[in-house]
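In: Got a sequence here, can you build the structure:
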Amino acid sequence: MEEKNSLNTGSPQKLSPVLGKQPLAKKKKNKSAKESVDTPWYKKWWVIVLILGGLFIILIGVIALFVGVFYFLNQTSTALTQGNLSITTNIHTYRDAQSHDCTHLDVATASEQTVSSCNAYNYCDKIEPHDIVVREFAKNAITAHLGEEYSTAQILDVYAWTKQNVAYQNVPLDDFAPYRPSETIALKTGDCKNYGVLISSMISSMGGLARVAVPSTCPHAFAEVWISQPKTYKNVSLSSLLDDLRQRYPLIANMSLDIINDSQGYWLILDGAGADYPGTTSIDHCLDKNAEMYYSYSCISPDGKIDKQTYKKEQISKTFTWSCATCDSINDCAPECKSVCKTNDWAGVKTASGVITKKYLGKNYIDCSCSCYK
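Out: Take a look at the predicted model:
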């Protein structure tokens, strides 16, 4: 048997399981791995994404910072112009018995003092809302709010205009009647009455309701403008008034408002002569709780007709008849008549007649008939 030598055959050599495994094939190089090793870190896509994301976050932060600073500065400015102003509102309520409409006075129920005061302080024929000069200067005064609905801002405009354009002139209340508002505008000077008449005329020309007030407890006059119901007049809310005051007077730290309350509603004081800002008066005792308030409203119609009344207290007589034992004449009865009338709450007296009934020891016994005036 011929023996074959596998070593000389040239055929592939096979490994037996015992001798080992077949040699591993030569590994190919990983091109991507090599590239990852050779690429600089700053060119790697994920680094670029991280850098861009970080820059975006920083940009958002910077924008947020600027917005925050702007908001803070804006809020600080608002606080300086509005938040620092503290406003205290004082309501002064006057009963109907204390508030006297001198333009439409009910003489039958008015006292003699009220009649006398209303004749002296009834400025209704000076409040001229339909005067062309008044209307023109009212329009000039509210230039910043022209074309808007009637508002507290316009009321404050009128007050500021009068303070800036009319110089105060100290004239006793009872010495002279106030000028017409057009005269005050032309003269650029006036006393408290002239301020009150001018402001009331300008406010009324804009569609508001205004009046001139004269308190019994101080020699002073000022305007009042209505800021509440009834609905027949233009309504101005108190909240808008406070907001407008804060914006208009940023340098005043504390402001005290005096609001008048009567049966018609609430009224804002506009004292051009006795205050530095609208809503109050600095004249002593003008707002005493026991003050009698004498008011004037316009009594001039759009066509210029004046309906001003001079009031006369109608004689209301009440007769007291008695014998004056010590009277020599009818005139001697007058003091006794005055005493009796005063006791019965009548203000004035006049001896109407006297009849001698008899004589006794040289004295006349006289029956006095006295007419008393309330």
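In: what's the single longest helix in this protein?
Out: Counting residues, the longest helix in the chain under DSSP state H turns out to be helix 45-78.
In: Who does whatever helix or strand comes next after it pair with, and is each partner parallel or antiparallel?
Out: Next helix or strand after helix 45-78 toward the C-terminus (DSSP states H and E): strand 86-93. When sheet partners are counted by DSSP bridges, strand 86-93 sits next to strand 254-262 (parallel).
In: Would you mind listing the buried residues in the strand it pairs with?
Out: M255, L257, D258, I259, I260, D262 (16 or more other CB atoms under 10 Å). For glycine as for every other residue, the C-beta is placed from the backbone atoms N, C-alpha and C.
In: go on, stretch 239-247?
Out: Quick answer for stretch 239-247 (16+ other CB under 10 Å): L241, L242, D244, L245, R246.
In: I'd like the average pLDDT over that stretch.
Out: Across stretch 239-247, pLDDT averages out at 85.
In: Likewise for stretch 277-296?
Out: In this model, stretch 277-296 has an average pLDDT of 93.
In: and the end-to-end length of that stretch?
Out: 22 Å (CA to CA, to the nearest Å).
In: what's the closest residue in space to W161 that isn't next to it in sequence sitting at in phi/psi?
Out: The shortest distance from W161 to any non-neighbouring residue, by CB to CB, 6 or more residues apart in numbering, is to A141 (3.7 Å). Dihedral angles of A141 (phi, psi; degrees, to the nearest 10) stand at phi -70, psi -30.
In: how deep is A141 tucked in, by neighbour count?
Out: Neighbour count for A141, taken as other CB atoms under 10 Å: 22.
In: which residues of this protein fall in strands?
Out: Under the criterion DSSP state E, the chain contains strands at 86-93, 99-101, 167-168, 189-190, 210-215, 222-226, 254-262, 265-270, 293-296, 323-324, 348-360, 363-373.
In: What distance do you get for D101 to N122?
Out: Relative to N122, D101 is positioned 10 Å away (CB to CB, to the nearest Å).
In: Which one of these two is surrounded by more residues?
Out: Set side by side, D101 and N122 show more neighbours around N122, with 25 against 20, by other CB under 10 Å.
In: what pLDDT does the residue nearest to that one when sequence neighbours are not counted get?
Out: Among residues not flanking N122 along the chain, C102 sits closest, at 4.1 Å (CB to CB, 6+ apart). With respect to pLDDT, C102 scores 95.
In: Over to the one 5 residues further on?
Out: Reading off the confidence values, V107 has pLDDT 86.
In: OK, contacts around the closest residue in space to it that isn't next to it in sequence?
Out: Once flanking residues are discounted, V107 sits nearest to Y311: 5.3 Å by CB to CB, 6+ apart. By CB atoms under 8 Å, 6 or more residues apart in numbering, the contact set of Y311 is L105, V107, A110, V115, C118, N119.
In: repeat that for 7 Å
Out: Applying CB atoms under 7 Å, 6 or more residues apart in numbering to Y311 gives the contacts L105, V107, V115, C118, N119.
In: Then W226?
Out: Shown in contact with W226 (CB under 7 Å, 6+ apart): G208, L209, Y233, Q264, G265, W267.
In: ok, the nearest residue to it once chain neighbours are set aside to N122 distance?
Out: Excluding its sequence neighbours, the residue lying closest to W226 (CB to CB, 6+ apart) is L209, at 4.2 Å. From L209 across to N122, the span is 17 Å (CB to CB).
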